[in-house]
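> model the structure of this input:
(chains A and B)
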Amino acid sequence: MRDVIVVGAGGGGPVVAKELAARGLDVLLLEAGPRHGSPRDEWTHFENDANNPLTGYLRFGPGDRDKPAWFRETPQNSFLWQLSGVGGTTQHYYGNSPRAYPGVFADYAGPDAGAYDTAHRFPFGYGELVPYYQWVEATLPVQTAAMGTKEERFFDGAETLGIPVQTTKTTTGASFRPQENAILQPGGTAGRTRNTDELHYPAATGCTFCGHCFQGCMEPVSAPRNQFAKRSTDNSYVPMALTADVWALGGKPVTLVTDAFASKVHTARRDGSLVASGVSWRDNSDGSTHLEDARVVVLAAGCTESPRLWFRSGLPNPNDWVGRGYTDHFFDWVVGSFDEYTGNSKGVGSSARCDFPGYGGLENVGLPPALQAFSLALSDSGIRGGYGNGRGATGPWDGPAGRLIGPELKDALAGNADNLLNVLVITDDDVEAQNRVTPSVFPADANGPVAKVTFRQRERTPRTLANREYLVGKAVALLRGAGARSVYRIDWAPLILHVQSTMRMGQSEADSVLDANAEARGVRGLFIADNSALANGLGGPNPTLTTQALATRTAEKIFQSYFGGDPWVGDESPVVSTDARVSTRLAQLGL
Amino acid sequence: MTASDALSRRVFLARVGVLGAAFGTGGLLRSDVAGAGPLQLPPVGVGTLQPVLAELARDTLNGLTTFVVPGPDAYSRSQGTPRTEPGALDAKATDFMIQALDNFVPLPQELLRPVVTGLATASADLGVLLPLELQQLLPDTVSRLDRLLGLVLADDETLPLSLVIALLLNLVATQVNPLAINGPFLSPFARLSYADKAKAFSLVEGADPDIVGVLDASLPEPLHESVSGLLRFVGGALLEFPAFGSYSEWAVFDRTTRTLTSTPVGWGLTGYGGTSDGWDELKGYYQDRTEVSD
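Alright, predicted model coming up:
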């Protein structure tokens, strides 16, 4: 009998695992994919090797890359960018760590209170979450990002928008700023040379501006795993969880089992209540099945897989909200082509952003060439010059919205790897019941009925649709202000990559799965600690930091409710994940 | 099968490219009397038809990848968008697609099977005029070719998804332009102009009812409603994947050494500086601010 079983070692699960391991609990952490224990021997910086969703080392599939990826049904033109493996999607994330807008919380009473998704607020106030934000920001750590050329260009444009610079963690109005990133900022030779021989740790520390956030971070060369620049959980929380005995008094290292696909959450009836009692899983490599009991179960398999596991386990769904309310920030993609160098392929994935509370936000995104080409070919507006697929809007951008294909794709990319500037439009999108995860009727795989992820992108709420158009207008103005020669609006088909709220906590029992403690309303001792637990899309800010803050709070709730413990956030000082004790212990363990 | 059924089935086989490929490669169908009589099918097995179908799939995907990333090749010239600089074929994007489709796309066979059955049994009579030599095929020749095709499509071990995609694209191509049933290349899709290829994709991505009708004719409930969603997804993926593959390192990546054997085509096209452990790109901090307050 374990104290706690955590299902999923992505952005959220390892946070709960690390925090409870530090309290001395016996924690089992299950991960469906592999742990990349030696990135220098397993990874490259190449886009197909890393990011091919069918064959890459960062994909949604088993550890054995000769086996096919796992199937999902997406009954619309869209791309669902899930990852398995320790670190989950933080393996390819950009470390962007803004806090949620205060306007999406229960107690918000600012003059723009009506501008948000007021029907689906968090069931507590922003102030309640701030100490947990601070704890996570110190643990990762989160730091103000330095600029590369592409950020200088972005700020050139942002300065023409008539909005102020934000100099606080909390966003209070329309503004622009460097990202707060979960990335160690450059030290020593990092960012100052392209000569690999000079970029070894400790001559170089933190971000080396390599431009490969999306291929997984393994910089600087020879750095201890917990001092890699990007603070994906495989570099931060998981190393801490595995070494909890050396940095936490009374801490107990978690047991991590990889290539372990959870197949069922078990329950029992106790005192008239349904309670979680354990988890069974399937070993991807040999097909064997395993079961362990636990006092508490934490689901952190992600916005698509947590509902899938819920359905497969036959857990209660009395209000039919399991899997519903999927928010994805209804991205759009606006690209400027410049005569001068932008540094698009180099440096941190994204170090600059604009915030527009009530609408969402913008951020710059640097990409290497294959992903850049992919990004220009993903659209709900057909092919520019060919067909509009019922859309193909015109506006302040050049020509109709739509894909660049054929001669136009080649012309846009010709010699332009470092002359483009991409702006990601991150829409504050409403929680809608129709956007959801259900069990697919397609044939099941070895892990049960696959997930069907449905987005009715053209039938979203008027507020969501209007927010996206507002932000696209800002993105175009920013690019023109920065000096873009031409501006393309791609009108992305759903790129489901910021994922939130499919098992949402909420103020009302009628449209939420979790209570304000992130505990399932229908199953005692069952908590959720991934992005699916979020009440909404946060107003647009990138979700990982808020999930990690919420997961920290959830760990405290678990410790208080089920293990008779006291809270620690606010009373104790967090240990930073780069701590030398963690490095030393990882080396001793060969991890 | 009535004579009318056989004729419409013949038209369908011509539209998806199978009839033309069998004739075009010259190895399967031949005239019995020194080019004079109707084409006939000699006694051959599945193993003989498979390479013909593989060539048809490759030809169709050549027509696709050059649509997305044209270059200095016959397909790009034929569609009316010739280029002087390298394109998809130089980046081996067709091989990239075939390898991905045939080995790594996790579409369950239980889903693929009925979709393929739809393709394997559909007929068509949309006023398509067959080339004379295909008009003259004896019904027995058509039905024997049909049976062979059915055997290929019925074998879970050998059914390549690249062929299914090719049959689909060719079916749509001949809906856009019935004249594409005849001409250079094996594949009707590859014969389309750039503008007509775009029209073909508008039908796939728009889940055109005629195409949906062919594909879901054999689907059992509850899969019956799933084809249009699948088509919308496939329509997008078939444009995004060749773009990604053409500009990636796939063609020159040595998986054993995890190094490149030469500079990827896409890097040359875009002027990409290549991968590195770091760049001298640090420009300092905006307004010299290195931290913010709460």
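> could you check how many residues crowd around the residue in the stretch 151-294 of chain B positioned nearest to chain A?
Ranked by Cβ to the nearest Cβ, the top residue of the stretch 151-294 of chain B for proximity to chain A is B:Gly229, at 2.5 Å. Any C-beta I mention is one placed from the backbone N, CA and C, and that applies to glycine too. A count of nearby residues for B:Gly229, using other Cβ atoms under 10 Å in any protein chain shown, gives 18.
> ok, now which ones touch it?
By Cβ atoms under 8 Å, 6 or more residues apart in numbering or on different chains, the contact list for B:Gly229 reads A:Glu73, A:Thr74, A:Pro75, A:Gln76, B:Ala207.
> which among those gets closest to A:Phe46?
A:Thr74 (26.1 Å; Cβ to Cβ).
> ok, that closest one touching A:Leu80?
Yes - taking Cβ atoms under 8 Å as the definition, A:Thr74 is a contact partner of A:Leu80 at 5.5 Å.
> quick one: which of these two has more around it?
In terms of neighbours (other Cβ under 10 Å), A:Thr74 is the more surrounded of A:Thr74 and A:Leu80; the figures are 24 against 21.
> so who does the more buried one touch?
Contacts of A:Thr74 by Cβ under 8 Å, 6+ apart are A:Leu80, A:Lys452, A:Val453, A:Thr454, A:Phe455, A:Ile496, B:Gly229, B:Phe233.
> how many residues are close by A:Val433?
One correction, residue A:433 is Ala, not Val. Quick note: A:Ala433 (other Cβ under 10 Å) scores 12 neighbours.
> kindly state the beta-bridge partners for the nearest residue to it once chain neighbours are set aside.
Setting aside the residues directly before and after it, A:Ala433 is nearest to A:Arg324 in space (Cβ to Cβ, 6 or more residues apart in numbering or on different chains), at 4.7 Å. Bridge pairing for A:Arg324 (DSSP bridges) gives the partners A:Arg436.
> tell me which residue lies farthest from the centre of the chain.
This is for chain A. A:Asp271 (38.1 Å; Cα atoms, centre = their mean).
> state the distance from that residue to A:Gly314.
21 Å (Cβ to Cβ, to the nearest Å).
> next: A:Gly95.
For A:Gly95, the distance to A:Gly314 - Cβ to Cβ - is 38 Å.
> who has more neighbours, these two?
A:Gly95 (29 against 10).
> count the neighbours of residue 151 for me.
Here I'm looking at chain A. A:Glu151 has 29 neighbouring residues, counting by other Cβ under 10 Å.
> wait, chain B
15.
> do a quick rundown of the helices in chain B.
B:3-15, B:18-24, B:46-68, B:74-79, B:93-103, B:109-121, B:132-135, B:139-154, B:161-176, B:194-205, B:209-216, B:227-246, B:265-270 (DSSP state H).
> of all those helices, which one is nearest A:Val298?
helix B:227-246 (32.2 Å).
> and the residue of chain A nearest chain B?
For chain A, Cβ to the nearest Cβ, closest residue to chain B: A:Pro75, 2.5 Å.
> and that residue, helix, strand or coil?
Classification of A:Pro75 by DSSP: H, G, I helix; E, B strand; the rest coil places it in coil.
> now do the contacts for it.
Here A:Pro75 is in contact with A:Lys452, A:Thr454, B:Ser226, B:Ser228, B:Gly229, B:Leu230, B:Arg232, B:Phe233 (Cβ under 8 Å, 6+ apart).
> does A:Asn389 touch A:Ser381 like I think?
Yes - with contact defined as Cβ under 8 Å, A:Asn389 counts as touching A:Ser381 (5.7 Å).
> now do the shared contacts for those two.
Common neighbours of A:Asn389 and A:Ser381 are listed as A:Gly402 (criterion: Cβ under 8 Å, 6+ apart).
> close to chain B: what parts of the stretch 401-550 of chain A are there?
A:403, A:405-407, A:409-410, A:413-418, A:441-443, A:445, A:493 (Cβ under 8 Å from any Cβ of the partner chain).
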